[in-house]
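**Q** Got a predicted structure plus its sequence, pasted below:
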Amino acid sequence: MKSKKKIISKHKKSIKKSEVLRKFIKDIDLNSKSKVSITGKVNRIAQTGGPTVFVITDGTGSLSIKGFIGPGQRAYPEIEEEDVVKATISIEEFRGDMEGEISSMFKVSEVQHVEFLKSLEKIELERARVVAPPFLVKSPILTKLESRFIDAATQIRLAIIQDRPIIVRHHNDADGYSSGFALERAILPLIAEQHSSVKAAWEFFQRAPCQAPYYEIDDSLRDTANSLRNAAKFSNKMPLIIIADNGSSPEDLMAIKQGKIHGADFIVIDHHGFDEDVISSEVLVHINPFLVGEDGSHYSAGMLCTEFARFVNPNVQNVKQIAAMAGFADMIQLGNPSVMEEYLTIAKSEGYTRELLSDISLVIDYVSAKVRFMEVREYIEVLFGQPRDKQKELVSLMAPYIRNLDAKGLAIGKSTAEQKKIGNAVLQMIDIDETFPGFGFFPKPGRAVGLVHDNLQKEKGITSLVTAGIMRTAITLRATDEANFSVHALLKYLNEKIPNGFIGGGGHKNAGSLNFLPKKKDEVVKHLKEFIKERQ
Amino acid sequence: MKSKKKIISKHKKSIKKSEVLRKFIKDIDLNSKSKVSITGKVNRIAQTGGPTVFVITDGTGSLSIKGFIGPGQRAYPEIEEEDVVKATISIEEFRGDMEGEISSMFKVSEVQHVEFLKSLEKIELERARVVAPPFLVKSPILTKLESRFIDAATQIRLAIIQDRPIIVRHHNDADGYSSGFALERAILPLIAEQHSSVKAAWEFFQRAPCQAPYYEIDDSLRDTANSLRNAAKFSNKMPLIIIADNGSSPEDLMAIKQGKIHGADFIVIDHHGFDEDVISSEVLVHINPFLVGEDGSHYSAGMLCTEFARFVNPNVQNVKQIAAMAGFADMIQLGNPSVMEEYLTIAKSEGYTRELLSDISLVIDYVSAKVRFMEVREYIEVLFGQPRDKQKELVSLMAPYIRNLDAKGLAIGKSTAEQKKIGNAVLQMIDIDETFPGFGFFPKPGRAVGLVHDNLQKEKGITSLVTAGIMRTAITLRATDEANFSVHALLKYLNEKIPNGFIGGGGHKNAGSLNFLPKKKDEVVKHLKEFIKERQ
Amino acid sequence: MKSKKKIISKHKKSIKKSEVLRKFIKDIDLNSKSKVSITGKVNRIAQTGGPTVFVITDGTGSLSIKGFIGPGQRAYPEIEEEDVVKATISIEEFRGDMEGEISSMFKVSEVQHVEFLKSLEKIELERARVVAPPFLVKSPILTKLESRFIDAATQIRLAIIQDRPIIVRHHNDADGYSSGFALERAILPLIAEQHSSVKAAWEFFQRAPCQAPYYEIDDSLRDTANSLRNAAKFSNKMPLIIIADNGSSPEDLMAIKQGKIHGADFIVIDHHGFDEDVISSEVLVHINPFLVGEDGSHYSAGMLCTEFARFVNPNVQNVKQIAAMAGFADMIQLGNPSVMEEYLTIAKSEGYTRELLSDISLVIDYVSAKVRFMEVREYIEVLFGQPRDKQKELVSLMAPYIRNLDAKGLAIGKSTAEQKKIGNAVLQMIDIDETFPGFGFFPKPGRAVGLVHDNLQKEKGITSLVTAGIMRTAITLRATDEANFSVHALLKYLNEKIPNGFIGGGGHKNAGSLNFLPKKKDEVVKHLKEFIKERQ
């Protein structure tokens, strides 16, 4: 189990000679037949039925070396994980693989320990160093975020060098999947390079959607529990967790804190707004346009991650078209049309038309609703064009099918929707529980309400419209600009008007979802009407 | 990792001699100590931490051969999966296992490539060839389906020879489990023979119930995603999927098409009716009595699969009694009493009484409701008599317990059931949501409605009866012949009478389930009454 | 794969010499270079791609020995699992591990077979023998249960010696988790000792909560199906299942019987009451204060398991504080204040204050609601103080967060709770379905009702109070002593008053949960009021 570290390292000076040659791990190969001496940190100790295996790293690479005092007996019991040791070993070949047999091994002095760790850190940081590439497009948002990109990419590269597992958790919509996939494309090849095992791609990396629109405590418990198990069972390190297209809001705070207690670290790449930034102080790096005085509706998380992927891995493949897809999925063309034009041009040069990008988004939304929390990594790869021919076939089959489901969902929604004139505005209401079949139905309530909302504008030319999908304990809302609506203002209004309503939720100005106690449903609807009236 | 292929092959002619002996893989053994030359297709390439392993197949067997240029480095990078190569190797023994060390290896010429593939296909087809056994019973249905049996069995045998995983997906009732189990009994021993690893039975075969009464898009996504992962992680091929006791209806179409895009192939063995055959053109083989002018109510899928299993594997064990069990579970004795009599005689000769078969069905229905989508392969094996003594113990314990649950379900159903005379017929209605506790309760609504329906006939001698279990978005129906009912006619009727009702579903003439929008429930019930009235 | 059995054995007498030395397995080591002869039972046979591996045990240890007649071919096909054999082997070292190569092997005579099994049983029982430690505290309950402790501990130690997997299934509350964790701490080190593989801790042990307040048929099916799979795939034995803080009631009976049919055995450690003991005759050992004329409300399952853990493993670590935590979680201080005082003193000496114990319980309740049926073994270890510093950090973070959730749950509950004077008592009712958001909400209904119940006493000083949380098919109840309530009497009363109500459930005198058919809800509430009235 020798890991080859190809990420550039310039350290290669020889050290004082003794009876055995002192070497950096990266310089050891099967021709090092005589005894060599290495100094390194013990990364992992595994007791087999035979020898005890110590995985040693010195920043230039890692090497498994073996001590044997009896079958299944712990050799060198005085040496523990995280110790710095000097070991004399003989390199042997066994079935083509390289093995180090320990002749002697001892802990270094306290002084040497500290010195070594300092030098190790320097070597690792040098290898992790990011050379910032030019951005794909020019944007003040990117310029202002560049130093955060460099910091975050360095942390990710460092985690890979240190054999630390990486978990990517993303919003479960098309922009979220785009973010996750761009990160995956950058990170996986570096992990494959770091570990010579083909399965490292699954052992040291996981990408999975969050079910809620934030990284909730349930996600955190699951990630932590699995990581603790891997630490106990396989001596894995605790992970670096990247939250993408989620993570900036106060709702994410407890989950992040919970993970940190167990040794996980976090990076957040988001574009959603927040009232107060409680996240930056808890994570290694926090990337969000709102943190640099910009607007998240002008850059989606998938757009940010496309650019960011190139910082993590200069040779990243198959991500250039993602920015356009993610941006259109999140309607960024409304807030930032020129940048979207540029990304579309880039996507077109990769063979993606606007229509194809939109169809891919549609299929992602559908598949995401079906696979829920499952990773289905390779399936998502096909959807993102690996390989391109299957992507086209799949999207050609599925997109028309899903459009039919949407059409049926729209028709069902229309069949019970009721409109009511309130001042200059129209309030359209759909009783979701009475209208849709329920669990497993596609389109899901939020999507169906959006379809009905868009349709009434087109069909009837109504420009001042609020559409509300009403459920037992929640209401999902869509509004046009002309309706002078605000989800946040409504939330405040309802909590003032309905004491003990325990009304929560949020979203954007013109789209969002609020939840309440079942008993308060009628009151919420009543006050929603008054709220709209007051704002006309 | 040498696979021994014991499926008969008659090819064994020696080829022109050169400096090294040219051999078929099946003729290589540990006595082949000198160098030999093989020509074969590269089935799989695995990079270990040491050498690169190429799995080569020439139709007579497959052999792992190893090239080494450095630890973890890809040897022969110019050679990829699916290439045809000529390799000179030395055979060595290592811990009793056979290894081929590559001395030289190169791609053959384009002409040789084509020639080899042709000969490979011929060899494989010859090994896959099916010798049709006599049927267990005589039936025109079987005679008309025989050529389809041969085609399908050949495809399954070919998939096994080509190391292709097989997935069996079946209806989640007793007939469906019977179908799946008969196929499993035929296929597993062939897979065990093909691969020398004991775990091949789990790596190359899976049997799992569908949750819906068809192979739905969710099943297809899951099967595809898992197979793509196995392809990426273990270089597995995409699977052959056999859909049993499901698969013939238009509802199965999208799921099948979706799987095919990713390289899966399908075989369908069903006995359910359909309006139009949209499946045959999409699958390798489609087996269904309706395709040959026969009636599916005269032969259940489990009966078909019992006969079919003997085409796949002439030595299949422990399946003869399955036909009777499956047939009774699907009430085939009503449509085809003489054939059922014959199968019962066969089952009796295996020690199964009519009562035992019926008890086993009962336990399968119960277990199926509990384990849902899980495979629980070995548990199902016990239920089907492996071993026989545990089967008897288990059924003796569980059957009375389940009959008690059914009795309680019947009493609960009766406690709220209301009867109404409509013309000569009686309509019995049960408000399911108000009557039964809900999720996890056994018997499930459909079963409970059946029990109440049967009971009223027995208790009150009512012979013209329709029983309707009414839920929020669905209605489950049972009718006697005398009631002159038809689920299909009702579906048509309701869709005419209730515009925007989005009423779907189906079933048989006298039993089925329709679904509708929650808001239309009262209208559906009203028109159900009128429908019954009109048909008196 | 040599297992070292360090559990004390005193058998070490040499046996008659022949041409090869006859040895006990524990006496074989890598210095046994010449041929030796062993007699043992074949525990497991595994066919590799190379040799056939036989795992032999003679009671003093187990050893893998290998026979080879051809790659993947079954050596010694006449020898099967459970046979007793005499084998001559040469011991060889390979990569530090010990291997036995078979020179000859044959089944012993029928007489020798019987004799060997008798001696094997004696050796194993001797190794499994329990030396009863003094209890941590004095209590007549413990004294009366001591012989059952010894029997159960012996069975568990025997299962470990026989390489039998152990499954612990416990109630999903703080007392249940405490029980499970105490058992885990005792058992895992013995398993690690028995098998030299580090992964044995996961292969041979599982701890998981039950979802229902008993070991239900669903649990039993899942445990059985998984164990059958492991038996088929890895030649594992069927497990010993320990049910903790559940298991004594008639509701557990079918599940236990079901497991036994497949070869599982059971031990029950519970403190819940039952009308009739139908369990003792079905399990190896049944431990429950009620079985020895004592009251289960005076000793919780976690308290029993803390004491019991020391019988299973005299060197068990990190369990002494568990008794206090479990006891307070189950309010044992009400029934048995002096014993609780003693356990608290012990816990304090381990650094646990009453407040910390209560906070840990709180976090366990919350985490248990989130992780549901998942084991999350290592996460639970942190919660129980492995390591202590993370436990403190985690509890400091989570406890205040959960208390906030409880406070919100209380406020929500209060917002719709209605009080009604009935005689001297007050009946407080909460319509759960109309009050709480539903699935995934914490606190769950039962907990929320408890909070509202306790609060009204504190806030209004009401001392004669019954609080009822009413759902569609269930009612959850809390009562004060003064209210002269009884869940069991109510159950009887309702079943008399409401024929066909199918009312079930149970609990303690002052706390419990009843379920009924949806249609009977109003009747249940009406008769609940009358029941309270009649008892004033």
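**A** Received it, and whenever you're ready, just let me know what you need. Residues are numbered from 1 along each chain as shown, chains lettered A, B, ... in the order given.

**Q** in the longest helix along chain A, what counts as buried?
**A** In chain A, taking DSSP state H as the definition, the longest helix is helix A:388-416. Neighbour counts over helix A:388-416 (16 or more other C-beta atoms under 10 Å in any protein chain shown) mark A:390-395, A:397-399, A:401-402, A:406, A:409-410, A:412-416 as buried. Placement of C-beta: from N, CA and C, glycine included.

**Q** now do stretch A:230-245
**A** A:230-231, A:235-245.

**Q** and those residues, which of them are in strands?
**A** Secondary structure from DSSP state E places A:Leu240, A:Ile241, A:Ile242, A:Ile243, A:Ala244 of the buried residues of stretch A:230-245 in strands.

**Q** low-scoring pLDDT stretches of the stretch 101-250 of chain A, where are they?
**A** Along the stretch 101-250 of chain A, the parts satisfying pLDDT under 70 run over A:196-198.

**Q** what residues does it put near chain C?
**A** Residues of the stretch 101-250 of chain A lying near chain C by C-beta under 8 Å from any C-beta of the partner chain: A:Ile217, A:Asp218, A:Leu221, A:Arg222, A:Thr224, A:Ala225, A:Leu228, A:Arg229, A:Ala231, A:Ala232, A:Lys233.

**Q** In chain A, which residue is most central in space?
**A** In chain A, the residue lying closest to the centroid (C-alpha atoms, centre = their mean) is A:Val168, at 3.3 Å.

**Q** mind listing what that one touches?
**A** Going by C-beta atoms under 8 Å, 6 or more residues apart in numbering or on different chains, A:Val168 touches A:Gly180, A:Leu183, A:Glu184, A:Ile187, A:Phe205, A:Gln206, A:Arg207, A:Ala208, A:Ile241, A:Ile242, A:Ala244.

**Q** Neighbours of the third one, how many?
**A** Here the count is done by other C-beta atoms under 10 Å in any protein chain shown, and A:Glu184 has 25 residues near it.

**Q** Distance check, it against chain C.
**A** Using C-beta to the nearest C-beta, to the nearest Å, A:Glu184 is found at 26 Å from chain C.

**Q** Regarding that residue, what is its secondary structure?
**A** helix (DSSP: H, G, I helix; E, B strand; the rest coil).

**Q** Now tabulate the buried residues of stretch A:230-245 in TSV and tack on distance to A:Tyr343.
**A** Listed next are these as TSV, based on distance: C-beta to C-beta, whole Å:
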residue	distance to A:Tyr343
A:Asn230	38
A:Ala231	40
A:Ser235	43
A:Asn236	37
A:Lys237	36
A:Met238	36
A:Pro239	31
A:Leu240	28
A:Ile241	28
A:Ile242	22
A:Ile243	23
A:Ala244	18
A:Asp245	17
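
**Q** Out of the residues you listed, which comes closest to B:Asp365?
**A** A:Asn230 (39.7 Å; C-beta to C-beta).

**Q** OK, contacts around the spatially closest residue to the closest one that is not a sequence neighbour?
**A** Nearest residue to A:Asn230 in three dimensions, chain neighbours excluded: A:Asn236, at 4.1 Å (C-beta to C-beta, 6 or more residues apart in numbering or on different chains). A:Asn236 is in contact with A:Pro165, A:Glu203, A:Ser227, A:Asn230, counting by C-beta under 8 Å, 6+ apart.

**Q** any idea which helix or strand carries the third one?
**A** I take that to be A:Ser227. helix A:217-234 (DSSP states H and E).

**Q** buried ones in that helix?
**A** Buried-residue list, helix A:217-234, by 16+ other C-beta under 10 Å: A:217-231.

**Q** Quick one: check stretch A:491-507 for contact with chain C.
**A** Yes - for stretch A:491-507 and chain C, the contact criterion (C-beta under 8 Å from any C-beta) is met by A:Asn500, A:Phe502.

**Q** For that stretch, measure first residue to last.
**A** End-to-end distance for stretch A:491-507, by C-alpha to C-alpha, to the nearest Å: 10 Å.

**Q** pLDDT averaged over it - what is it?
**A** In this model, stretch A:491-507 carries a mean pLDDT of 90.

**Q** Need the contact partners of it.
**A** For stretch A:491-507, the external contacting residues (C-beta under 8 Å, 6+ apart) are A:474, A:477, A:487-488, A:512-517, A:520, A:523-524, A:527-528, A:530-531, C:408, C:411-412, C:415.

**Q** Would you mind checking these for buried ones?
**A** A:474, A:477, A:487, A:512-517, A:520, A:523-524, A:527-528, A:531, C:412, C:415.

**Q** What parts of the stretch 251-400 of chain A come near chain B?
**A** Within the stretch 251-400 of chain A, the positions near chain B by C-beta under 8 Å from any C-beta are A:367, A:370-371, A:374, A:376-379, A:381-382, A:390, A:393-394, A:397-398.

**Q** Report the two of these separated the most.
**A** Checking those with C-beta to C-beta, the most distant pair is A:Met374 and A:Glu393, at 22.1 Å.

**Q** ok, back up a step: reformat the ones in strands among the buried residues of stretch A:230-245 as TSV; add distance to B:Ile45.
**A** Listed next are these as TSV, based on distance: C-beta to C-beta, whole Å:
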residue	distance to B:Ile45
A:Leu240	31
A:Ile241	33
A:Ile242	32
A:Ile243	36
A:Ala244	33
